[in-house]
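Peer 1: Let me see the structure of the following:
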Amino acid sequence: MRTIIRHELDKDFQRVCEEIRESRIERALSYRARANLELTNSFYNSVFTRNSTGPQERQSKTEMRANKAVFEQMQHFNKERSAEVVAEQAPPLVVDHKKLKDLLNRAVAKTEGAEVEPLEKLYALLAQCIYRHRNNYNKTELIKEMKNEIENFS
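Peer 2: Sure thing, here's the model as predicted:
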């Protein structure tokens, strides 16, 4: 199968595939899955929808099958690689579930019978805390800040 594919493909096709692979790895590192999908789509469109104006530019059925096979292999490789990159880069999430549950119980008790406007204000303050800590994998400081906001609720 490889011999058929090599024989049928353009001379520069292997170089282009290597450039695309390197580009996808770089993009996976910075944009993760979203960038990978966009690049995959652009590669797919460039291979399967190129315009042919004459008989020399028209793809043969064998060439199209070979391109499709290479595309599918590259797509599979990139899915696996993206998952590996994400797994390698993401540190473990640190959350004390007991403290979080205690925080919820304290919030419910502290807001018992409260009017809507103060509840909306507390909600906004807690949402801001969450937003500030959205990129932190260790949520210890987030829980402390939220506890402080709940304790100051009146």
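Peer 1: doesn't residue 142 make contact with residue 136?
Peer 2: Yes: using C-beta atoms under 8 Å, residue 136 is in contact with residue 142, at 6.9 Å. Where you see a C-beta, it was placed from the backbone N, CA and C, and this is true even at glycine.
Peer 1: Looking at the two, which is more packed in?
Peer 2: residue 142 (19 against 13; other C-beta atoms under 10 Å).
Peer 1: I figured the more buried one hits residue 128, correct?
Peer 2: No: judged on C-beta under 8 Å, residue 142 makes no contact with residue 128 at a distance of 11.0 Å.
Peer 1: Go through stretch 117-137 and flag the buried ones.
Peer 2: 122, 125, 126, 129, 133 (16 or more other C-beta atoms under 10 Å).
Peer 1: In CSV, could you pull the C-alpha coordinates for it?
Peer 2: Backbone C-alpha positions of stretch 117-137 (Å, rounded to 0.1, in the frame of the first residue of the first chain) are rendered in CSV as follows:
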residue,chain,number,x,y,z
GLU,A,117,-30.8,42.2,45.5
PRO,A,118,-28.2,41.1,48.2
LEU,A,119,-28.3,37.6,46.8
GLU,A,120,-27.5,38.9,43.3
LYS,A,121,-24.6,41.0,44.8
LEU,A,122,-23.2,37.9,46.5
TYR,A,123,-23.6,35.9,43.3
ALA,A,124,-21.6,38.5,41.4
LEU,A,125,-18.9,38.6,44.0
LEU,A,126,-18.6,34.8,44.0
ALA,A,127,-18.6,34.7,40.1
GLN,A,128,-15.7,37.3,40.2
CYS,A,129,-13.7,35.0,42.5
ILE,A,130,-14.2,32.1,40.3
TYR,A,131,-13.2,34.1,37.2
ARG,A,132,-10.0,35.4,38.9
HIS,A,133,-9.0,31.8,39.7
ARG,A,134,-10.1,30.2,36.5
ASN,A,135,-6.6,29.4,35.3
ASN,A,136,-5.3,28.1,38.7
TYR,A,137,-5.3,24.3,39.1
